[in-house]
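Asks: okay, structure incoming, though there's no sequence with it:
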């Protein structure tokens, strides 16, 4: 459907119009910052992983740069490669790499916040327009011709203000979820101390003496029609447990890849890409090659106890054991020789019981979060149809 035809078929309130993004905003691409340019000081380089929270590793650049690559607090950023999403940068000065657009709206006709919320409503439409057989991306020309409903500027600001208030509910829900995580981590520290500093002088053991390790194959299944989760990094959630995934396999589909089934209660540890991500299998699962499966000898170590102390190690620890700051993989032999603490089994079981109880609370929180998300999404749809203004 062409632009004019869509304009005629879209009913919009009086005073509104439909325009293309290229008419109301500029999309400024970042530039590649090579590892040879990284430094320990200077301005942080924003990567997609930093926006999405999949990596906490920050690289810096202290050389000269063009002003167009400079980002400050409040700027709108749109990641256009691998992960398509829109963000408001909430930190201080930084520099932009080549997989992210900085969006400069024409403020005399378009509100920053209105634009931000509107783009969130059409993200799926944009994702459907991505290209590439490997790393999916959307082109700048495709973005520029995307349409946006544009009410008068005062109306835009009113709509954005309503949506900001609604978004506070989401933030409060996220804060409550974060308190659950903080409680579990503080409980672990109180019971066992920090596993790296071992400030409670707990006995230590190397990992290979208390677990069996499962290494998935690199081959990707040809089809996904079964009911056994095939877990990849994007499937991980805030929960310490994993039992669902986007793709699911049957045992017959898994056979050609020779990948092994992870039994229930396997601790999965990401060893490639984003390092040090942890989860416990709630049921039998398969994973791709980005994980090792750690099957605990539960006469010695309980899965929840192992999972939480590995969480304390953090991404930097797993990056460093790979031998270089730029490596995004560590070998099975290195994983097996990680030194961990081994506490009294009864004490471990007590901690595991606390984790399981908190997980039940988290499930209720997840349902609450979903209700809030649904409410917010409906509110956004109504806002951009002009229904809020009509009330």
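Replies: Here it is on my side, so go on. If you're wondering where the values come from, they're calculated on a predicted model, not measured in any experiment.

Asks: now do the domain split for the chain, please.
Replies: Per the record, the chain has its domains at 3-150, 203-342, by automatic domain parsing.

Asks: right, so those: which one is the most enclosed?
Replies: With neighbours defined as mean count of other CB atoms under 10 Å, the domains of the chain peak in mean count at domain 203-342, which reaches a mean of 18. C-beta coordinates here come from the backbone N, C-alpha and C atoms, glycine included.

Asks: and it, how far apart are its ends?
Replies: End-to-end distance for domain 203-342: 6 Å, by CA to CA, to the nearest Å.

Asks: how far does it sit from its chain's centre?
Replies: Computed by CA atoms, centre = their mean, to the nearest Å, the chain-centroid distance of domain 203-342 equals 18 Å.

Asks: check stretch 50-69 too.
Replies: Relative to its chain's centre, stretch 50-69 lies at 18 Å (CA atoms, centre = their mean).

Asks: who touches it?
Replies: The contact list for stretch 50-69, computed with CB atoms under 8 Å, 6 or more residues apart in numbering, reads 28, 30-31, 33, 35, 37-45, 47, 49, 77, 79, 83, 85, 87, 95-96, 100, 102, 233, 274, 314-316, 319.

Asks: could you redo the last one with a cut-off of 6 Å?
Replies: Contact with stretch 50-69 is made by 28, 30-31, 33, 37-39, 41-45, 49, 79, 83, 87, 95-96, 274, 315, as judged by CB atoms under 6 Å, 6 or more residues apart in numbering.

Asks: cool, stretch 72-91 as well?
Replies: With contact meaning CB under 6 Å, 6+ apart, stretch 72-91 is reached by 48, 51-52, 71, 92-93, 99-103, 116, 119, 126-127, 135, 137-138.

Asks: phi first, then psi, for the closest residue to residue 202 other than its chain neighbours.
Replies: Once flanking residues are discounted, residue 202 sits nearest to residue 341: 4.1 Å by CB to CB, 6 or more residues apart in numbering. Reported as degrees, to the nearest 10, the phi and psi values for residue 341 are phi -90, psi 150.

Asks: tell me who's in contact with residue 341.
Replies: Contacts here follow CB under 6 Å, 6+ apart; on that basis residue 341 touches 195, 198, 202, 204.

Asks: residue 206 against residue 337, yeah?
Replies: Yes. Using CB atoms under 6 Å, residue 206 is in contact with residue 337, at 5.4 Å.

Asks: and residue 26, how far from residue 151?
Replies: Here the criterion is CB to CB, to the nearest Å. By it, residue 26 lies 21 Å from residue 151.

Asks: swap in residue 263?
Replies: Distance, residue 263 to residue 151, by CB to CB: 56 Å.

Asks: pretty sure residue 208 contacts residue 336?
Replies: Yes. Taking contacts as CB under 6 Å, residue 208 lies within contact range of residue 336: 3.7 Å.

Asks: overlap in contacts of the two?
Replies: Shared contacts of residue 208 and residue 336, defined by CB under 6 Å, 6+ apart, are absent.

Asks: just give the nearest non-adjacent residue to residue 356, would you?
Replies: The shortest distance from residue 356 to any non-neighbouring residue, by CB to CB, 6+ apart, is to residue 304 (7.5 Å).

Asks: in which helix or strand would I find that neighbour?
Replies: Assessed by DSSP states H and E, residue 304 sits inside helix 303-321.
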